[in-house]
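J.: could you look at this predicted model? Sequence included:
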Amino acid sequence: MLGREYDQTCSIARTLEVLGERWTLLVIRDVFNGRRRFDQLQESLGIARNVLSTRLGWLVDEGILEKRPYQERPARYEYFLTEKGLDLWPVMVSLLHWGDRHLAGADGPPMVIVHKGCGGEVDDRRICRRCGKPLEVRDARAEYGPGAPPETRRRAEPART
């Protein structure tokens with residue numbers, strides 16, 4: 001994490017202060033994909049437990065995630081995106097498509113976003129390629145694409161929401 005010192009007036013710099021650490025965006029990606037519990041996130045990401053705990057705390061403090069108890073003894077929580085967190089969906093879609101365009105292997109993208117309504121793929125402008133509908137975060141879900149390695153598919157399927 002870069003810290004909470006907003007000494008630059010640029011909004012990109014300020015955003016990077018909050019989101020600029022690698023694990024932070026991957027945690028957000030996994031919560032978007034329906035992984036809400038600590039153990040699900042840890043298994044999916046292969047991240048050290050202390051690092052994950054720090055990132056989750058940071059995201060809760062920043063108002064991007066909220067934690068809700070699902071078990072009392074021992075106390076355990078699920079993490080949900082707040083409205084502030086859901087507002088990151090266009091950014092995440094853009095990052096995914098940029099990576100697909102410039103970094104995907106010969107087999108294609110490892111993950112695709114599909115319209116829940118008709119099953120069409122979502123383009124980089126968040127429009128369904130099949131029906132042409134402009135989509136919001138709650139209209140779409142992630143699925144493994146043709147470039148997803150078999151070991152990734154076995155380790156953690158994207159959750160269906």
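T.: Nice, thanks for sending it over. Residues are numbered from 1 along each chain as shown.

J.: isn't Arg130 right up against Asp123?
T.: No - in this structure Arg130 lies outside contact range of Asp123 using CB atoms under 8 Å: 10.4 Å. Any C-beta I mention is one placed from the backbone N, CA and C, and that applies to glycine too.

J.: so Glu151 versus Ile113, what's the distance?
T.: Noted for Glu151: a distance of 22 Å to Ile113, by CB to CB, to the nearest Å.

J.: which one of these two has more residues nearby?
T.: More neighbours surround Ile113 than the other of Glu151 and Ile113, with 24 against 7 (other CB atoms under 10 Å).

J.: the strands in this structure, which residues?
T.: Secondary structure of the chain (DSSP state E): strands at 65-71, 76-81, 111-115, 140-144.

J.: please tell me how far Glu121 sits from Leu135.
T.: 11 Å.

J.: tell me, what's touching these two both at once?
T.: Shared contacts of Glu121 and Leu135, defined by CB atoms under 8 Å, 6 or more residues apart in numbering, are found at 115, 128.

J.: circling back to that earlier point, dump the strands of the chain into CSV; add mean pLDDT and distance to Gln40 as well.
T.: Listed next are the strands of the chain as CSV, based on pLDDT from 0 to 100; distance: least, CB to CB, whole Å:
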stretch, mean pLDDT, distance to Gln40
strand 65-71, 96, 12
strand 76-81, 97, 9
strand 111-115, 96, 17
strand 140-144, 95, 14
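
J.: isn't Glu121 up against Met111?
T.: No - Glu121 sits out of contact with Met111 when judged by CB under 8 Å, with a separation of 11.0 Å.

J.: coming back round to it: rebuild the strands of the chain as TSV, extending it with distance to Leu88.
T.: Shown next, in TSV, are the strands of the chain (distance: least, CB to CB, whole Å):
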stretch	distance to Leu88
strand 65-71	11
strand 76-81	8
strand 111-115	14
strand 140-144	14
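
J.: need the contact list for Leu59.
T.: Leu59 is in contact with 24, 27-28, 65, 79, 85, counting by CB under 8 Å, 6+ apart.
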